[in-house]
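> Take this sequence and fold it.
(2 chains)
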2 protein chains.
Amino acid sequence: MQDTRLDTARIRAARRVIDPIFLDTPLYRCQALEPDLGCTVSIKLETANPVRSFKGRGTELVASLLAENGSRAVVCASAGNLGQALAWSGRGRRLDVTVVASRFAPAAKLDRIRALGARLELVDGDFDMARERAAAIARYAGIRLVEDSLDIETCEGAATIGLELVDTLVDTAPPFDAVLIALGGGAMATGVGHVLKALAPGVEVICVQPLGAPAMTHSWHQRRVVTTDSTDTIADGVAGRCPIPAVLDDLLLVVDDAVLVRETSIIAGMRLLLHHAGLVVEPSAALGIAAILENRDRFAGRHVVTIVCGSNVDVDAYHRWVGAAPLHGV
Amino acid sequence: MQDTRLDTARIRAARRVIDPIFLDTPLYRCQALEPDLGCTVSIKLETANPVRSFKGRGTELVASLLAENGSRAVVCASAGNLGQALAWSGRGRRLDVTVVASRFAPAAKLDRIRALGARLELVDGDFDMARERAAAIARYAGIRLVEDSLDIETCEGAATIGLELVDTLVDTAPPFDAVLIALGGGAMATGVGHVLKALAPGVEVICVQPLGAPAMTHSWHQRRVVTTDSTDTIADGVAGRCPIPAVLDDLLLVVDDAVLVRETSIIAGMRLLLHHAGLVVEPSAALGIAAILENRDRFAGRHVVTIVCGSNVDVDAYHRWVGAAPLHGV
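Below is the predicted model of the structure:
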């Protein structure tokens, strides 16, 4: 493997900095899902923690470094989960946290950012507009800007998921041979992909993005940054238009494939996770299941891990999407 | 503490026998619940495993001993979760597992017992009728009968939850001062209560049962076995009529209080766990939250752990109970 920006030894060291509440999350086979999916499926569950997403792994590193350096304030743009996690990690270290988000982000995410004590600023646009505004605040106030996926700590934090996956390979029969990773900015795919390619190169690393927010996937396939004018997906956590070049470079080294899925498949995935795994997840966390649904032949008979990366969802919207409808016809 | 049937050293040893997939489950503070409950609340999540309940801890011990002794077959009565767990643990050890359950048990539980390869026999009555039938099968076939809560392994398995709770007390600020435990047959309350009284005697151990299935709670308060003619609760996992004397004896030694809650509170608890924790739970797993809702003054300002013990629920019934209704008026 060519060198990415990541380093496996640093990722191992990161485990000592991250609050254990975010580490060693459940990984378990979910056989009730398998008849519908036609393959062995294991879930890596990243939602059973105080911020209900994997983002705490990265923000723990960011906030810890800032606190060590005597910083007092930090700002980030967020689709909602990074902001919650940074608010949580910052609060414990007496950092003044500002989060910039789209006013169209799920109320559940925005409410929790406020409840965790962060200052929340809303922009009348999408995530990439929030990124611009956060950068402007950082320049104006002279404070640290945390850029998800670009800042190496966000990738290293997510990469600790990869270490945990690899550690189980010895004991798992059959061992998993593919990992499905929701693709947004790319921190999780970069981090987990780096570790898998370094320590378990036989495992296929597959990113999944919605057809309605395909910029990074198009970029990966064309090996150059491709932006889009807009996004149209319920998977708010991964809806970006402007891929970061350095992240794309890493993705090109550690990812085996990047696939796009339809909105109906995302909803079908959420419904399967509810009915057969008892899990309420946000749309981004169902991307992996959606990818299996759309590519049954590719995964038939294999053992696939899907990372359930977040469960911050507005319950009303969730009910609208998933409904009380029976499973038939999924 | 007077001696119970349990032994802390044996419980520690049990951790080495139980498949790690059931151990070291997430324990995390859930602040989003706290405004509604008026106290600090942490969740011990026992649902992120292949059988979606804590019962695997006990069945791993049972099945492991049976396999060591060369046994080939085992039978149990189950409200649904023990049967699933015994089927899972038995399958890995090539045991022939028979589960006897009520035909009124949730279809989700019955389907999973069958899917895990156990023979399922249904009785046209409730859990206590299933117990009688399972005992008859054991006598007739000359095979081992597993009796939940009476068989010490079922209590020792559940007790490992207590060890995990105690281990976190050092690092938790503020430390928890009460643990709420769903009360059915009593295995979980006996096991967790034993460990807490042995290792953290300052922590209050409180059992919670539905008003519609109050036999063990009445027994505890009257210090003698009290049976009821019927049960009437949606909390199918804890709906027993005939407490086991030896289990009551232990409960009298390790439990500080046993409270009863209304069905409406159980549903309100399920709804709060969905809206504020993103957790779909079966009714029995919401008993702790229900107890806080009914006893706000008692818990005000304290740090309470509630064990979310199972998530095996029929989704249609869940929707009927929890609905898409807004949270106001909970």
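
> Now for the residue in the stretch 51-200 of chain A that chain B sits nearest to: which residues touch it?
Closest residue of the stretch 51-200 of chain A to chain B, C-beta to the nearest C-beta: A:Arg52 (5.6 Å). For the C-beta atoms, the positions are set from N, CA and C on the backbone; glycine is no exception. A:Arg52 is in contact with A:Asn81, A:Gln84, A:Gly310, A:Ser311, A:Asn312, B:Ala277, B:Gly278, counting by C-beta atoms under 8 Å, 6 or more residues apart in numbering or on different chains.

> again, only using 10 Å
Shown in contact with A:Arg52 (C-beta atoms under 10 Å, 6 or more residues apart in numbering or on different chains): A:46, A:81, A:84-85, A:108-109, A:112, A:280-282, A:285, A:309-313, B:28, B:30, B:32, B:277-279.

> Ok, A:Gln84 next?
A:50-53, A:55-56, A:59, A:78, A:99, A:108-116, A:118, A:310, A:312.

> Just the buried subset of those residues, written out for PyMOL, thanks.
The following PyMOL line selects those of the contacts of A:Gln84 that are buried, judged by 16 or more other C-beta atoms under 10 Å in any protein chain shown:
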select buried, chain A and resi 50+51+52+53+55+56+59+78+99+108+109+110+111+112+113+116+118+310+312
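
> Quick check: strands, which of the contacts of A:Arg52 are part of them?
B:Tyr28 (DSSP state E).

> Mark which of the contacts of A:Arg52 are part of helices, please.
A:Asn81, A:Gln84, A:Ala85, A:Ala108, A:Lys109, A:Arg112, B:Ala277 (DSSP state H).

> Now the third one. Nearest residue, chain neighbours left out?
The shortest distance from A:Ala85 to any residue that is not its chain neighbour, by C-beta to C-beta, 6 or more residues apart in numbering or on different chains, is 3.6 Å, and that residue is A:Lys55.

> okay, the lengthiest helix in chain A in PDB with CA atoms only?
Assignment by DSSP H gives helix A:152-168 as the longest helix of chain A. What follows is helix A:152-168, C-alpha atoms only, in PDB (Å, rounded to 0.1, in the frame of the first residue of the first chain):
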ATOM      1  CA  ILE A 152      -6.000  14.000  10.500                       C
ATOM      2  CA  GLU A 153      -7.400  13.400  14.000                       C
ATOM      3  CA  THR A 154     -10.900  13.000  12.600                       C
ATOM      4  CA  CYS A 155      -9.600  10.200  10.300                       C
ATOM      5  CA  GLU A 156      -7.500   8.600  13.000                       C
ATOM      6  CA  GLY A 157     -10.400   8.500  15.400                       C
ATOM      7  CA  ALA A 158     -12.600   6.800  12.900                       C
ATOM      8  CA  ALA A 159      -9.700   4.500  12.100                       C
ATOM      9  CA  THR A 160      -9.800   3.000  15.600                       C
ATOM     10  CA  ILE A 161     -13.000   1.300  14.300                       C
ATOM     11  CA  GLY A 162     -10.800  -0.500  11.800                       C
ATOM     12  CA  LEU A 163      -8.400  -1.700  14.600                       C
ATOM     13  CA  GLU A 164     -11.400  -3.200  16.400                       C
ATOM     14  CA  LEU A 165     -12.600  -4.900  13.300                       C
ATOM     15  CA  VAL A 166      -9.200  -6.400  12.600                       C
ATOM     16  CA  ASP A 167      -8.700  -7.600  16.100                       C
ATOM     17  CA  THR A 168     -11.800  -9.800  15.800                       C
END
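
> which is the next helix or strand following it?
strand A:178-182 (DSSP states H and E).

> got the residue ranges for the helices in chain A?
A:8-14, A:34-37, A:56-68, A:81-91, A:107-115, A:127-141, A:152-168, A:187-199, A:215-222, A:245-254, A:263-277, A:287-294, A:296-299, A:315-322.

> just the angle between the fifth one and helix A:315-322, please?
Orientation of helix A:107-115 against helix A:315-322 (axes from the mean of the first three to the mean of the last three C-alpha atoms, to 10 degrees) gives an angle of 150 degrees.

> got any ranges where chain A has weak pLDDT?
Scanning chain A for pLDDT under 70 picks out A:324-330.

> go again using 90 as the cut-off
A:1-2, A:170-174, A:323-330 (pLDDT under 90).

> what's the domain layout of it?
A:8-52+A:155-322, A:56-146 (automatic domain parsing).

> any chance of these in a markdown table, plus distance to B:Cys207?
Below are the domains of chain A laid out as a markdown table (distance: least, C-beta to C-beta, whole Å):
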| stretch | distance to B:Cys207 |
| --- | --- |
| domain A:8-52+A:155-322 | 24 |
| domain A:56-146 | 31 |
